[in-house]
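[1] What would the 3D arrangement of this be:
(one chain, ligands or ions: 2)
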Amino acid sequence: QKKELALLKNESTITLDGKRVEVASNIGTPQEAEIVLENGGEGVGLYRTEFLYMERESLPTEEEQFQAYKQVLEKMGNKPVVVRTLDIGGDKQLPYLSLPEEMNPFLGFRAIRLCLEEQEIFRIQLRALLRASSFGNLKIMFPMIATLEEFLEAKQILLEEKSSLQEQGVTVSNSIEIGIMVEIPSTAILADQFAREVDFFSIGTNDLIQYTMAADRMNERVSYLYQPYNPAILRLVKMVIDAAHANGKWAGMCGEMAGDPIAIPLLLGLGLDEFSMSAPSMLKARRQINQLSQSDMVNLANQALSMQTSEQVKQFVKETVEIQ
Ligand code: PEP
Ligand code: MG
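    Ligands and ions are numbered 1, 2, ... in the order given. Model (predicted):
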């Protein structure tokens with residue numbers, strides 16, 4: 001079986017009826033780029049940059065970050081690399097950034113909220129990214145975007161840093177796509193508004209599910225509410241994908257759901273363009289997608305969207321599609 005999967009390493013991901021999608025990987029360190037390629041990845045769909053900042057005494061310098069980003073971009077060649085700007089705060093604390101304790105860290109001062117306030121930290125990261133951009137196919141995305149103003153402000157800061165680097169004679173790519181993670185329900189609901197401003201969406205279901213269901217993703221007691229197949233989640237995902245396509249943009253997913261064999265047929269039917277998952281899941285996902293018909297999955301997804309419960313959707317997918 002392993003051998004059979006290995007044969008798919010250099011193949012593209014394309015359904016029986018010819019719909020092409022991208023299978024990419026999530027990474028946390030530059031070294032993992034190698035593993036992505038070994039597992040047939042068509043790109044990096046989420047580079048979580050938090051690890052650069054963790055387990056150390058002070059902020060990483062612009063130069064250190066530049067080296068890390070450049071390494072990933074060079075390794076991936078012309079394959080896309082989506083880098084997420086710092087998603088720290090809340091449960092992920094940094095010893096050298098003394099942030100006040102919060103009652104609800106998951107609803108608190110974190111990610112883009114922190115970056116827009118502690119702008120120097122943000123600007124250093126953006127400069128490092130912009131400098132690295134000429135070494136590969138970079139796309140930048142902002143985490144935990146809840147309002148359009150946040151996105152526009154973050155983009156403005158990015159453009160300011162770009163101009164200032166260019167004035168200094170630094171080469172910066174002119175084709176960097178700028179997108180957002182959709183992991184807060186308000187953003188999924190206003191996806192049609194966001195879709196005019198962003199270059200792409202990446203749906204972060206790990207958080208989108210927790211915020212939609214109001215169920216802490218780490219709390220065992222409420223894990224029964226953590227329901228990727230709940231029609232409420234599927235409808236939000238559909239809104240995001242439809243809004244992207246109506247505006248000529250693409251939509252990916254980088255939450256755990258993107259690599260789940262039960263979710264994949266539904267996501268394919270909803271029109272998802274990019275599936276980003278852990279490296280070891282990629283070849284299996286490609287094999288599964290290559291054996292499905294997209295038009296059949298559109299029917300599957302449409303029926304799922306009108307079901308009442310997560311359990312009904314799950315059973316329906318299992319009955320309709322062979323899950324290996
Ligand atoms: C997500 O929320 O789905 C996501 C990919 O981000 P993280 O798991 O890092 O919060
Ligand atoms: Mg998240």
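
[2] Grab the nearest non-local neighbour of the residue in the chain positioned nearest to ligand 2.
    Closest residue of the chain to ligand 2, C-beta to the ion: Asp207 (3.7 Å). C-beta here means a position set from N, CA and C on the backbone, and glycine is covered the same way. Once flanking residues are discounted, Asp207 sits nearest to Glu183: 3.7 Å by C-beta to C-beta, 6 or more residues apart in numbering.

[3] got a list of what that neighbour touches?
    By C-beta atoms under 8 Å, 6 or more residues apart in numbering, the residues touching Glu183 are Pro143, Met144, Ile203, Gly204, Thr205, Asn206, Asp207, Leu208, Tyr211, Gly255.

[4] Only the buried members of these: can you turn that into a ChimeraX selection?
    Applying 16 or more other C-beta atoms under 10 Å to the contacts of Glu183, the buried members can be selected in ChimeraX as follows:
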select :143,144,203,204,205,207,208,211,255
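
[5] Turn the contacts of Glu183 into CSV, including pLDDT, secondary structure and distance to Glu11.
    Output for the contacts of Glu183, formatted as CSV (pLDDT from 0 to 100; DSSP: H, G, I helix; E, B strand; the rest coil; distance: C-beta to C-beta, whole Å):
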residue, pLDDT, secondary structure, distance to Glu11
Pro143, 98, coil, 32
Met144, 98, coil, 35
Ile203, 98, strand, 25
Gly204, 98, coil, 27
Thr205, 98, helix, 26
Asn206, 96, helix, 28
Asp207, 97, helix, 32
Leu208, 98, helix, 30
Tyr211, 98, helix, 36
Gly255, 95, coil, 25
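
[6] just the helices in the stretch 1-150 of the chain please.
    2-6, 32-38, 50-53, 62-76, 111-117, 119-132, 148-167 (DSSP state H, counting those that start in this stretch).

[7] elements contacting the longest one?
    The helices and strands touching helix 148-167, judged by 3 or more C-beta pairs under 8 Å, 6 or more residues apart in numbering; DSSP states H and E, are helix 111-117, helix 119-132, strand 137-142, strand 177-182, helix 191-197.

[8] What parts of the protein come near ligand 1?
    Neighbours of ligand 1 within the chain, by C-beta under 6 Å from any ligand atom: Leu46, Arg48, Asp87, Glu183, Gly204, Thr205, Asn206, Asp207, Cys254, Gly255.

[9] change it to 8 Å
    Residues of the chain that fall close to ligand 1, judged by C-beta under 8 Å from any ligand atom: 26, 46, 48, 50, 84, 87, 143, 181, 183, 202-208, 210, 254-257.

[10] isn't Pro185 right up against Gln210?
    No. Contact criterion C-beta atoms under 8 Å: Pro185 and Gln210 do not qualify, at 10.4 Å.

[11] Pretty sure Leu267 sits against Glu274.
    No. Counting by C-beta under 8 Å, Leu267 stays clear of Glu274, with 10.1 Å between them.
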